[in-house]
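Novice: sequence-free structure coming up:
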Ligand SMILES: [Zn+2]
Ligand SMILES: [Zn+2]
């Protein structure tokens, strides 16, 4: 995973691994640790907000646009995440 870089497509803010994102169920978590899926209720958030109070721009961007790196690695990662999104039940 060293070749993968995660940053906001709009302002280049980089998430630092903290639980900035809140689901409608109330769960707070790091959305990049689960490929945008809430660990509590299993809801998938296809849009990810940049975190203004952590130095970002507060704008929404498609979750998959946050991943940067070598094209083939990123392509594979995005396919993996999309595959996980197709699974309705969270195990
Ligand atoms: Zn949730
Ligand atoms: Zn941003």
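Specialist: The structure has been received and is ready for your questions. Computed from a predicted model, the values in this text were never measured in an experiment. Numbers count the residues shown, from 1 in each chain. Ligands and ions are numbered 1, 2, ... in the order given.

Novice: dump the residue contacts of residue 21.
Specialist: Neighbour list for residue 21: 28, 29, 30, 31, 45, 48, 49, 51 [criterion: CB atoms under 8 Å, 6 or more residues apart in numbering]. (Glycine included, C-beta is placed from N, CA and C.)

Novice: could those be laid out in CSV, adding secondary structure?
Specialist: What follows is these, written out as CSV (DSSP: H, G, I helix; E, B strand; the rest coil):
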residue, secondary structure
28, strand
29, strand
30, coil
31, helix
45, coil
48, strand
49, strand
51, coil
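
Novice: Mark which of these are buried, thanks.
Specialist: 29, 31, 45, 48, 49, 51 (16 or more other CB atoms under 10 Å).

Novice: for the residue nearest to residue 66 when sequence neighbours are not counted, which residues make a bridge with it?
Specialist: Spatial nearest neighbour of residue 66, chain neighbours left out: residue 6 (5.3 Å); criterion: CB to CB, 6 or more residues apart in numbering. Assessed by DSSP bridges, residue 6 has beta-bridge partners residue 67.

Novice: residue contacts, residue 6?
Specialist: Going by CB under 8 Å, 6+ apart, residue 6 touches 14, 15, 32, 66, 67, 68.

Novice: Pull the contacting residues for the residue at minimal distance from the centre of the chain.
Specialist: The chain has residue 32 as the residue nearest its centroid, 3.9 Å off, counting by CA atoms, centre = their mean. Applying CB under 8 Å, 6+ apart to residue 32 gives the contacts 6, 15, 17, 66.
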